[in-house]
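A.B. asks: Kindly return the folded structure for what I paste below:
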Amino acid sequence: MKAVPKVNTDGLYMEDVLVDDAFSGVVPFYNEPLQPAVLDGAASHATDSEDEDEGQRPEAEVAGYMVGIPVSPGLFHPRFDLVGWLAYQEALAAAQAEYQQALNSWHQLPQEERGQQPVLLWPSLPELWEEGLSPEEIEELTKPQPAVPAEVDRLGAELVARELEALELRRQNEALGAQVVGLELRMLSLETNSSEGEGTYV
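C.D. replies: Model prediction:
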């Protein structure tokens with residue numbers, strides 16, 4: 001078994017599917033036709049009408065293709081050139097017909113006039129995989145995205161911010177504590193001065 005690309009009807013890559021190792025070429029796959037719902041009571045009638053309508057069933061619709069040609073590397077959204085594939089098949093048929101005609105002509109010549117037997121020259125397989133995205137879409141995909149911080153980085157940044165806030169609060173507390181001590185010293189000094197002043201008048 002091997003994996004081959006599966007494309008839609010426009011040739012755009014959909015997914016890989018497993019096929020037999022001998023698979024090659026381009027083979028269509030189909031949408032399943034919708035089956036009408038049959039009620040139990042109408043089952044025998046439906047069987048009769050199915051036999052009559054066998055020729056009137058809608059044909060299965062081509063949903064895409066399985067492609068036996070590997071995807072070219074480096075494509076963002078690969079697209080298989082179905083028109084190019086058909087042109088290649090026509091070129092193969094033309095080369096085969098040309099060879100067959102040359103071979104028939106060669107066989108009709110007398111033995112001494114034949115020369116070398118014609119050789120079948122197959123056309124080379126063109127590059128059939130191409131980029132399915134426009135240059136603008138590729139630019140949008142490849143443009144650098146703003147870095148999303150990891151959860152650990154975010155938590156680390158929050159922790160640093162909290163520690164800085166705590167340091168600032170400590171500094172403010174120390175400043176307020178120094179002011180309170182200064183005020184208490186001034187009040188103590190005023191009380192001492194006032195009690196000394198009262199003692200002199202007595």
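A.B. asks: Let me know the next secondary structure element after the lowest-mean-pLDDT helix or strand in the chain.
C.D. replies: Every helix and strand of the chain was ranked by mean pLDDT, DSSP states H and E. The lowest is helix 43-52, at a mean of 53. Counting by DSSP states H and E, the element after helix 43-52 in chain order, helix or strand, is strand 62-67.
A.B. asks: quick check, Arg162 in a strand?
C.D. replies: No. Arg162 sits outside any strand when classified using DSSP: H, G, I helix; E, B strand; the rest coil, being helix.
A.B. asks: Could you give the number of residues near it?
C.D. replies: 10 (other C-beta atoms under 10 Å). Bear in mind the C-beta positions are built from the backbone N, C-alpha and C, glycine included.
A.B. asks: average pLDDT across stretch 183-198?
C.D. replies: Computed over stretch 183-198, the mean pLDDT rounds to 79.
A.B. asks: what's the answer for stretch 18-31, then?
C.D. replies: Computed over stretch 18-31, the average pLDDT equals 92.
A.B. asks: Which residue ranges of the chain form strands?
C.D. replies: 2-8, 13-19, 26-30, 62-67, 78-80, 129-131 (DSSP state E).
A.B. asks: Quick one: work out the angle between the fourth one and strand 13-19.
C.D. replies: In other words, strand 62-67. If you take axes from the mean of the first three to the mean of the last three C-alpha atoms, to 10 degrees, strand 62-67 sits at 60 degrees to strand 13-19.
A.B. asks: what's strand 62-67 packed up against?
C.D. replies: Applying 3 or more C-beta pairs under 8 Å, 6 or more residues apart in numbering; DSSP states H and E, one finds that strand 62-67 contacts strand 2-8, strand 13-19, strand 26-30.
A.B. asks: Just want the angle from that strand to strand 2-8.
C.D. replies: 150 degrees.
A.B. asks: in its sheet, what does strand 62-67 sit against?
C.D. replies: Looking at strand 62-67 with DSSP bridges, its partner strands are strand 2-8 (antiparallel), strand 26-30 (antiparallel).
A.B. asks: same check, this time on the last one
C.D. replies: Pairing partners of strand 129-131, with direction, according to DSSP bridges: strand 78-80 (antiparallel).
A.B. asks: Let's test this: mean pLDDT of the partner strand, rounded?
C.D. replies: The predicted model assigns strand 78-80 a mean pLDDT of 96.
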